[in-house]
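> I'll drop the sequence and a predicted model, then ask my questions.
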Amino acid sequence: MNTSASGSAQQDKVGGLAALYLAAAYVVAMPYFLVFVKYTNVVDPVERVNLLISNHDSMRIMNLITYVVFGIVLAVMALTLHARLRRGASALSQAATVVGCTWAVMLVASGLTFNAGMAAVVDLHATSPAQAVSAWQTIEPVAQGLGSSGGELLGGLWVLLVSLAALRGAALPKALNWCGVAVGAAGVLSVVPALADLAYVFGLLQIVWFVWLGIVMLRTASRRLVPAVPAERVDVAARLSGNGLDRGRRY
């Protein structure tokens, strides 16, 4: 196996594992925030701060998993996809990488801001609950803005550009690419206030896209790691078989 093939296989393996992690983070985050804590259903500022107080430790861990670590892994995913797509669609691949890395940075910043602000509010609440509520009303919009709470523009645009680049260069299965186009379009359109609920469609469909992408990249890595039989050996084997010297044929 040559060095180039080995390197490409390792990149695909890393990208495949990254994609599966991103899907798993979505699967963990959605039931936690929407069902168990129900944070998004609470509108009253005082009740929101009370939720932070009662779920501080678990929310901190979940923000690390689904924002900070997610963003770092997303950057790795964006770079490995660029390495795979750049030969067939260089300009689109570069644009997708810029958008993907920007989204990754924003998610990391959102998670860190949320956790740092939450810790400050929890400490402040012990002495002044009213000031804690006021402080959180200032901190939360910043964290949510960084996390694309107003619509999945960056995430949708990244998936859309990746899928278009893969379609142009035939670097991924066509069905997966069209799935990505639908996912990306849902994310981009979710910035329209009347279509804000498409953000949930984007999240659910992106789980499917990430899992599918991860499987494809891991299978590609496995195929690349299988050593190819040199042409000289194939030719010698064919000659021996033709001369009746193949042991398998004699016995």
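Sure thing, it's come through.
> tell me which residues in the helix or strand containing Pro31 are buried?
In the assignment (DSSP states H and E), Pro31 maps to helix 3-31. For helix 3-31, the neighbour count (16 or more other Cβ atoms under 10 Å) marks 8-9, 11-26, 29 as buried. The C-beta positions use only the backbone N, C-alpha and C, and glycine is treated the same way.
> Of all the residues in stretch 145-158, which ones are buried?
Within stretch 145-158, the residues scored as buried using 16+ other Cβ under 10 Å are Leu146, Gly147, Ser148, Gly151, Glu152, Leu153, Leu154, Gly155, Gly156, Leu157, Trp158.
> Ok, stretch 98-118 next?
Of the residues in stretch 98-118, those buried (16+ other Cβ under 10 Å) are 99-101, 103-115, 117-118.
> just checking, which of the residues you listed belong to helices?
99-101, 103-115, 117-118 (DSSP state H).
> circling back to that earlier point, give me the helices and strands touching the helix holding Pro31, please.
Helix 3-31 sits against helix 69-85, helix 198-225, with contacts defined as 3 or more Cβ pairs under 8 Å, 6 or more residues apart in numbering; DSSP states H and E.
> before we move on, the earlier item: make JSON lines from the buried residues of stretch 145-158 and add secondary structure and pLDDT to it.
Output for those, formatted as JSON lines (DSSP: H, G, I helix; E, B strand; the rest coil; pLDDT from 0 to 100):
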{"residue": "Leu146", "secondary structure": "helix", "pLDDT": "91"}
{"residue": "Gly147", "secondary structure": "coil", "pLDDT": "89"}
{"residue": "Ser148", "secondary structure": "coil", "pLDDT": "83"}
{"residue": "Gly151", "secondary structure": "coil", "pLDDT": "84"}
{"residue": "Glu152", "secondary structure": "coil", "pLDDT": "92"}
{"residue": "Leu153", "secondary structure": "helix", "pLDDT": "94"}
{"residue": "Leu154", "secondary structure": "helix", "pLDDT": "95"}
{"residue": "Gly155", "secondary structure": "helix", "pLDDT": "95"}
{"residue": "Gly156", "secondary structure": "helix", "pLDDT": "95"}
{"residue": "Leu157", "secondary structure": "helix", "pLDDT": "96"}
{"residue": "Trp158", "secondary structure": "helix", "pLDDT": "97"}
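> For those, give me CSV that also has distance to Ala78.
CSV is the format used below for the buried residues of stretch 145-158 (distance: Cβ to Cβ, whole Å):
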residue, distance to Ala78
Leu146, 18
Gly147, 17
Ser148, 16
Gly151, 20
Glu152, 16
Leu153, 16
Leu154, 11
Gly155, 11
Gly156, 14
Leu157, 12
Trp158, 7
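> Show me which of these is closest to Leu195.
Distance to Leu195 across the buried residues of stretch 145-158 (Cβ to Cβ) is lowest for Gly151, with 8.4 Å.
> quick one: that closest one and Ala194 touch, right?
No. Using Cβ atoms under 8 Å, Gly151 is not in contact with Ala194; the gap is 11.3 Å.
> Tell me how many other residues crowd the residue lying closest to Val159 once chain neighbours are set aside.
For Val159, ignoring the flanking residues on the chain, the nearest one in space by Cβ to Cβ, 6 or more residues apart in numbering is Gly184 at 3.9 Å. Look at Gly184: counted by other Cβ atoms under 10 Å, it has 26 neighbours.
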